[in-house]
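Enquirer: output the structure for:
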Amino acid sequence: ENGGFWATNPDLIAAALSGTLPAVATGPPTMADPSGSGRKILWLNVLTVVSAAILIGAEVFGAAFAGSWALANLFGIGTTGQTILDGAFVVIGLYVMYRFINSARRVEPFSARQ
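Expert: Modelled structure (predicted):
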């Protein structure tokens, strides 16, 4: 074919050059809060914090279970002792994740005033 796609669709080029295309939004995508409080959700920040929490959570809870297994074998406390250590380390891991998410929200706020 001679000219390809743009030669067979000249209206697309004309619309692009005429300035009649809608403006392109800049910045991170946002969504107005339906409660009417005048705040918008900063989805890029939410995604950043959630992604980091997933990564850190996998490490924290993996270390909790590996640590309970290692300590149970080191001290010979058996599966019951290991289960108790699992529970204790998971509670500590939940506290670590709670603190991480609160700290991350201070750096990357989830909402902003419009």
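Enquirer: how many neighbouring residues does Ser103 have?
Expert: 11 (other Cβ atoms under 10 Å). (Glycine included, C-beta is placed from N, CA and C.)
Enquirer: poorly predicted segments of the protein, please.
Expert: 1-37 (pLDDT under 70).
Enquirer: all strands of it, in order?
Expert: 30-32, 39-42, 111-113 (DSSP state E).
Enquirer: give me the spatial nearest neighbour of Val90, chain neighbours excluded.
Expert: Nearest residue to Val90, sequence neighbours excluded (Cβ to Cβ, 6 or more residues apart in numbering): Ala64, at 5.5 Å.
Enquirer: surely that neighbour and Phe89 touch.
Expert: Yes: counting by Cβ atoms under 8 Å, Ala64 touches Phe89, with 3.6 Å between them.
Enquirer: what touches both of these two?
Expert: Listed contacts common to Ala64 and Phe89 are nil; contacts here mean Cβ atoms under 8 Å, 6 or more residues apart in numbering.
Enquirer: tell me the contacts of the residue nearest to Val90?
Expert: Asp86, Phe89, Val90, Ile92, Gly93.
Enquirer: buried ones only from those residues, please, as a ChimeraX command.
Expert: To isolate the buried members of the contacts of Ala64 in ChimeraX, using 16 or more other Cβ atoms under 10 Å:
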select :86,89,93
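Enquirer: of the contacts of Ala64, which is the nearest to Val60?
Expert: Minimum distance to Val60 across these is 4.5 Å, recorded for Gly93 (Cβ to Cβ).
Enquirer: state the distance from that closest one to Gly62.
Expert: Separation of Gly93 from Gly62 (Cβ to Cβ, to the nearest Å) stands at 9 Å.
Enquirer: same question, Gln82
Expert: 15 Å.
Enquirer: Phe89 is in contact with Ser68, isn't it?
Expert: Yes: under the criterion of Cβ under 8 Å, Phe89 makes contact with Ser68 at 5.3 Å.
Enquirer: what segments of this protein are helices?
Expert: 4-8, 10-18, 43-75, 78-107 (DSSP state H).
Enquirer: for these, which one sits closest to Gln114?
Expert: Going by Cβ to Cβ, the one of the helices of the chain nearest Gln114 is helix 43-75, 14.6 Å.
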